[in-house]
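Asks: What follows is a predicted protein model with its sequence.
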Amino acid sequence: MRVLIDGYNLALPHGTGVATYGYQLAGAIQGMGLSVGGLYGLRAPFNPRLRDIMFYESLGGEHRTRAPQPLSPTWFRELTATLRARRARQIPQGGRVIARQFAHRLPEFDAGLYTAPDIFDLSGRNFARLGLFSNVCVPEPADVMHWTYPLPLKLRGAANLHTMHDLVPLKLPYASADRKRYYYKLMRAVARRADRIVTVSESSRRDIIEFFPFAEPKIVNTYQAVRVPDAVLQESDDDVAAAIRSIFNLPFRGYFLFYGAIEPKKNVNRLIEAYLALATRTPLVIVGRRSWGADDELRLLQRDEVQPLKATFKNIRRIDYLPRALLMRLIRGAKAVTFPSIYEGFGLPVLESMMLGTPVLTANTSSLPEVGGDAALYVDPYDSRSIRAGLAQLDSDAELCATLSAAGRVQAERFSQARYQERLGRLYDDLAEARAIARFAAIRGSDRAHA
């Protein structure tokens, strides 16, 4: 079986949770003994001698996605291209271009690396205009196209799986900048047209059924897995402690950590409020890039406006971005990871922290109890007093931290790579069987018509 995945999020310079999902998915597929290829939307010329050079130049630049617009001066040309299927161009992978620095964004695609320039933007604009899915084709046919994100695209000649991680713009419409009408229209169309809808938790599965009940028979929950670099897992506590002290000037197991995008659903504002009320000497480290709504989430850290509290902020440190290897060390060295998110489709920080043996404080909502099981400390994300009480427990109870650390490693095994591959294998096998039955039925119908 030959499987392709998209590079819609993998192309982003700083990545997202969906980019991590795509990277891990590619590794899991290869681990199952299947071939995997990648389909990107970066610009690359027709000239094959320059194609790899220009592709990697685009990959190394700032990726900008244009918002779908109903009309544009080139709408007819774009529509015509959509209807006849856009042909992706193959990118040579012979090693002529040194691409090792993109290893975390570019899995080893043994089934080919392709790009259809601007296909993601074009498909979004055409769907906004007419509600049509765009078609794309690759030089060598694939059996399965596993879209890692709901996109108005289909790969011709393949079974098309679309992953819906969550429905945040519909469940929390006040917590995102998405155009809600467009988003609902797209999710409904994906639910109707996809051969299978893949999701990552039972919570998300229930949400999809709640909004699109007709799609229930085709929704499959595979959960997901994550791989932590072996170098981080094998490093001694002394080496991790020395690195954290040298790089961040932080004590080993002596700080709380939040990491993730700074946006309303992550609930950073209540976390900060709860921390300030705790009056502890244990620092709070916040790692994450600003996203929509970040100013409100960080309003208590606007020092010019809250001068009386300025002295308190010496114990809160905010870091915009960290490379993954450094972030993993920071997670491993934390007293606890604090992740009181209001809503998550899965909650990768919870799983990553448990894998590294770090205690986790998280919310008792959405998918988070599924991932944390009995190995996390749960709080009400809407109540800063509940979050404060949880922080206080972790800050003062070393025995509780040790218990959560040990239980977390056990709980993380439920989301191991092997179990993830088993779930993916069943999904692909069922899909292949269904397509074989459909082909057989079509042949029988054709034979009867000729008879």
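Replies: Received, thanks. Residues are numbered from 1 along each chain as shown.
Asks: all contacts plus neighbour counts: C-alpha atoms, from now on.
Replies: Will do.
Asks: Walk me through the domains of this protein.
Replies: 2-225+418-447, 230-415 (automatic domain parsing).
Asks: where among those is the average confidence lowest?
Replies: Here the lowest mean pLDDT among the domains of the chain goes to domain 2-225+418-447, at a mean of 87.
Asks: one step back: would you format the domains of the chain as CSV with mean neighbour count included?
Replies: Output for the domains of the chain, formatted as CSV (neighbours: other CA atoms under 10 Å):
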stretch, mean neighbour count
domain 2-225+418-447, 18
domain 230-415, 19
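Asks: just the helices in the stretch 251-400 of the chain please.
Replies: Using DSSP state H, counting those that start in this stretch, the helices of the stretch 251-400 of the chain run over 268-278, 294-297, 324-332, 348-355, 368-372, 384-396, 398-412.
Asks: Looking at those helices, spot the one closest to Arg179.
Replies: Between Arg179 and the helices of the stretch 251-400 of the chain, the tightest spacing by CA to CA is seen for helix 294-297, at 18.3 Å.
Asks: Run through the neighbouring helices and strands of that closest one.
Replies: helix 268-278 (3 or more CA pairs under 8 Å, 6 or more residues apart in numbering; DSSP states H and E).
Asks: What's opposite Val144 in the beta bridge?
Replies: Beta bridges link Val144 to Val3, Ala159, judged by DSSP bridges.
Asks: Thr282: what's its closest spatial neighbour, skipping adjacent residues?
Replies: Tyr255 (5.2 Å; CA to CA, 6 or more residues apart in numbering).
Asks: same question, Ile272
Replies: Take Ile272 and drop its neighbours on the chain: the residue closest to it by CA to CA, 6+ apart is Leu300, 7.4 Å away.
Asks: Report the separation between that neighbour and Tyr275.
Replies: As defined by CA to CA, to the nearest Å, Leu300 lies at a distance of 11 Å from Tyr275.
Asks: And Ala231, by the same measure?
Replies: The gap separating Ala231 from Tyr275 is 32 Å, by CA to CA.
Asks: try Ser366
Replies: Ser366 is 23 Å from Tyr275, where distance means CA to CA.
Asks: tell me the contacts of the closest residue to Arg270 other than its chain neighbours?
Replies: Nearest non-adjacent residue to Arg270, counting by CA to CA, 6+ apart: Ser384, 5.4 Å away. By CA atoms under 8 Å, 6 or more residues apart in numbering, Ser384 lies in contact with 270-271, 273-274.
Asks: let's see it at 10 Å
Replies: Taking CA atoms under 10 Å, 6 or more residues apart in numbering, we find Ser384 in contact with 267, 269-275, 277, 340, 390.
Asks: Same question for Val226.
Replies: Val226 neighbours (CA under 10 Å, 6+ apart): 20-21, 23-25, 27-28, 348, 351-352, 355, 412, 415-417, 420.
Asks: and if we set it to 8 Å?
Replies: Going by CA under 8 Å, 6+ apart, Val226 touches 20-21, 24, 348, 351-352, 416-417.
Asks: hang on, it in a strand?
Replies: No. Under DSSP: H, G, I helix; E, B strand; the rest coil, Val226 sits outside any strand and is assigned coil.
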